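*Asks:* I'll drop the sequence and a predicted model, then ask my questions.
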Amino acid sequence: MDATSSATDDTDPGPRDPGSNEPGSRDSGSHEPGPHQASTKAFDETRPRRSLAGIVALRFAAILILMAAIAAAASHLDLPAGLTFLLCCGVGLPIGTWLLNRQLHPVTMVVQALSDGISSLKDNDFSIRLAVTRQDELGELVSRYNEAVAILRDERSAIRQRELLLETALYRSPVALVLTNQLDRVVYSNPEARRLFLGGEKIEGKRFQDILSGCPAELRASLAGSGDGLFTLGEGREPETYHLARRKFQLNRQSHTLYLLRRLTYEFSREEVRIWKRVIRVISHELNNSLAPISSLIHSAGILASRPDQLDRLPEIFASIEDRVTHLTHFLRGYARFARLPKPQKEQASWRELLDGIRQLYPFELEGAPPEPTGEFDPAQIEQVLINLLKNAREASNDDASITVRLGSAPDGGTRIEVLDHGKGMDEETMRQALLPFFSTKKDGVGVGLPLCREILTEHGGKLSLHNRRGGGLAATCWLPPD
């Protein structure tokens with residue numbers, strides 16, 4: 001009896017008649033096969049495998065033997081050669097055709113079943129499997145097809161589960177995420193990004209630059225750069241600080257850009273509390289290290305004061321006390337600068353005079369004309385901001401001539417001041433912590449420069465943002481509101 005192969009649909013719950021062996025028929029694979037069905041569900045490599053070519057050769061041999069027998073019988077009847085040929089063809093060919101068709105029909109059905117299964121794979125349908133009823137090359141091919149489909153189905157299911165997990169995480173993420181293609185069209189955004197850019201409106205399919213045209217200037221300036229950035233949005237006493245990270249990668253052989261905007265205000269608050277606790281511990285430790293020796297020295301001085309023969313040692317003790325007091329004074333002064341920032345005393349001041357005075361200390365190239373004639377700000381505090389930024393820029397660039405100050409009116413009003421250097425910029429971790437008090441990457445840095453600048457600008461109603469420049473370097477941007 002010939003072996004055949006039938007298609008099996010894993011999604012069809014209907015049971016299959018165990019006695020049905022019609023090639024190419026659909027069958028349910030959702031139920032467990034019984035022992036008598038095992039040979040129809042998978043190729044049994046332990047059983048002897050019949051050769052399909054051998055079976056076809058035997059059929060041809062049977063046809064030739066039949067025709068030879070007819071020819072031999074005709075020769076005994078002394079029939080003419082032409083009549084013998086016609087008799088052999090008339091009897092042998094129909095029988096041979098029937099035998100070959102009987103042999104090739106199951107093969108055709110198996111090939112058709114495989115073709116249907118591959119078409120299902122092209123349609124992303126991995127539920128079709130084929131029942132193995134042959135113990136030859138076709139049966140082995142069908143079994144290998146089933147194994148490949150099972151692997152693809154499992155991998156597809158695992159990928160889908162990971163996609164669902166990732167989609168859920170991105171949907172719930174507090175990080176605003178925007179993915180754009182090489183045409184600058186938004187192909188994906190999560191709810192946080194839609195809230196940030198268009199107040200919750202869908203932004204997929206729109207040009208990213210068109211979306212940015214209606215966004216605040218600080219956000220546009222940060223996204224206009226080429227690297228990571230740090231900027232602040234919102235007015236009043238509770239502005240929101242964001243960290244921008246952007247990454248380029250290939251997706252489906254096309255260039256895509258991923259923008260990640262993370263709100264840092266809450267993290268800043270938590271980190272500042274942690275830092276202040278650490279500062280208190282450091283100050284307490286330093287005070288104890290200084291006050292304990294001072295207390296001991298004062299006690300020794302009291303004892304020596306009662307002994308006239310040892311009064312000559314008192315100057316040495318007083319000198320030691322003075323050294324400890326001086327050290328403690330310098331130590332506390334650095335922290336007091338940040339903690340005791342006075343309210344700005346705004347007045348009408350000349351930008352040109354302010355910049356000319358600062359240029360004597362830290363040379364720079366000026367781009368743009370200063371607003372005329374004056375601006376309303378605290379000259380001493382704004383001078384301190386620019387000195388801190390220029391000092392950082394010079395240390396990053398190692399070249400005074402490469403520092404540029406760009407000053408002018410902001411598009412949405414107010415005054416915009418940019419300090420540009422050609423250094424290495426900031427990595428992502430440094431950028432996230434740059435505005436935190438007492439964080440510094442310098443060996444002898446105190447970590448109050450940038451936080452002090454941010455605090456001064458905030459007290460003026462302004463903002464400070466940082467972003468890496470295209471081609472290298474950092475841009476520190478100050479914005480002061482209109483007078």
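*Replies:* Received the coordinates, thanks.

*Asks:* residues in contact with Leu389?
*Replies:* 419, 453, 476, 478 (Cβ atoms under 8 Å, 6 or more residues apart in numbering). Bear in mind the C-beta positions are built from the backbone N, C-alpha and C, glycine included.

*Asks:* right, and the pair among the residues you listed with maximum separation?
*Replies:* Based on Cβ to Cβ, the longest span within these runs between Val419 and Cys453 and measures 10.1 Å.

*Asks:* what do those two both touch?
*Replies:* 389, 476, 478.

*Asks:* The second one and Ser255, how far apart?
*Replies:* Using Cβ to Cβ, to the nearest Å, one obtains 30 Å as the distance from Ala476 to Ser255.

*Asks:* So those two - more neighbours on which side?
*Replies:* Ala476 (24 against 12; other Cβ atoms under 10 Å).

*Asks:* doesn't the more buried one fall inside a strand?
*Replies:* Yes - under DSSP: H, G, I helix; E, B strand; the rest coil, Ala476 sits within a strand.

*Asks:* wait, it sits on Asn468?
*Replies:* No - judged on Cβ atoms under 8 Å, Ala476 makes no contact with Asn468 at a distance of 11.0 Å.

*Asks:* and Ile118, how many residues sit next to it?
*Replies:* 12.

*Asks:* Checking my notes, it in a helix, right?
*Replies:* Yes - Ile118: assigned to a helix according to three-state DSSP.

*Asks:* coming back round to it: got the contacts of Leu389 as TSV, with distance to Leu361 and pLDDT columns?
*Replies:* As requested, the contacts of Leu389 are exported to TSV (distance: Cβ to Cβ, whole Å; pLDDT from 0 to 100):
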residue	distance to Leu361	pLDDT
Val419	14	93
Cys453	16	89
Ala476	17	92
Cys478	18	91
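
*Asks:* With distance to Leu114 as added columns, please give these in CSV.
*Replies:* Below are the contacts of Leu389 laid out as CSV (distance: Cβ to Cβ, whole Å):
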residue, distance to Leu114
Val419, 69
Cys453, 71
Ala476, 66
Cys478, 70
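
*Asks:* tell me how far stretch 321-332 is from the chain's mean position?
*Replies:* In this view, stretch 321-332 has its centroid 50 Å away from the chain centroid, taken as Cα atoms, centre = their mean, to the nearest Å.

*Asks:* got the end-to-end distance for stretch 432-448?
*Replies:* Start-to-end span of stretch 432-448 (Cα to Cα, to the nearest Å) is 15 Å.

*Asks:* residues of it that come out buried?
*Replies:* Buried positions in stretch 432-448, judged by neighbour count with 16 or more other Cβ atoms under 10 Å: 432-440, 447-448.

*Asks:* Identify each of the strands in the stretch 51-200 of the chain and give its residue range.
*Replies:* Counting by DSSP state E, counting those that start in this stretch, the segments of the stretch 51-200 of the chain that form strands are 128-133, 176-180, 186-189.

*Asks:* Just give me the lowest mean pLDDT stretch among these.
*Replies:* Among the strands of the stretch 51-200 of the chain, strand 128-133 carries the lowest mean pLDDT, at a mean of 78.

*Asks:* Can you dump the C-alpha atoms of it in CSV for me?
*Replies:* Extracted in CSV, the C-alpha atoms of strand 128-133 (Å, rounded to 0.1, in the frame of the first residue of the first chain):
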residue,chain,number,x,y,z
ILE,A,128,-0.1,24.3,9.2
ARG,A,129,1.7,21.0,9.6
LEU,A,130,1.6,18.0,7.3
ALA,A,131,0.8,14.4,8.4
VAL,A,132,3.6,12.0,7.4
THR,A,133,2.2,8.8,5.9
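
*Asks:* any low-confidence regions in the stretch 101-250 of the chain?
*Replies:* Scanning the stretch 101-250 of the chain for pLDDT under 70 picks out 103, 235-238.

*Asks:* what about the helices in it?
*Replies:* 137-172, 191-198, 208-212, 217-224 (DSSP state H, counting those that start in this stretch).

*Asks:* What is the longest one packed up against?
*Replies:* Read that as helix 137-172. For helix 137-172, the elements it packs on are strand 4-9, helix 81-122, strand 128-133, judged by 3 or more Cβ pairs under 8 Å, 6 or more residues apart in numbering; DSSP states H and E.

*Asks:* same check, this time on the second one
*Replies:* In terms of contact count using 3+ Cβ pairs under 8 Å, 6+ apart, helix 191-198 is assigned the packing partners strand 176-180, helix 208-212, strand 254-263.

*Asks:* how about a cut-off of 7 Å?
*Replies:* Counting contacts by 3 or more Cβ pairs under 7 Å, 6 or more residues apart in numbering; DSSP states H and E, helix 191-198 packs against strand 176-180.

*Asks:* The strand it packs on pairs with which strands, parallel or anti?
*Replies:* strand 186-189 (antiparallel), strand 254-263 (antiparallel) (DSSP bridges).

*Asks:* what about the residue nearest to Phe126 when sequence neighbours are not counted, how many residues close to it?
*Replies:* Closest residue to Phe126 apart from its sequence neighbours, by Cβ to Cβ, 6 or more residues apart in numbering: Arg153 at 3.9 Å. The number of residues packed near Arg153 is 17, by other Cβ under 10 Å.

*Asks:* Tyr242 now?
*Replies:* 23.

*Asks:* Compute the distance between it and Arg432, please.
*Replies:* Applying Cβ to Cβ to Tyr242 and Arg432 gives a distance of 10 Å.

*Asks:* Asn468 pairs with what?
*Replies:* According to DSSP bridges, beta-bridge pairing links Asn468 with Leu474.
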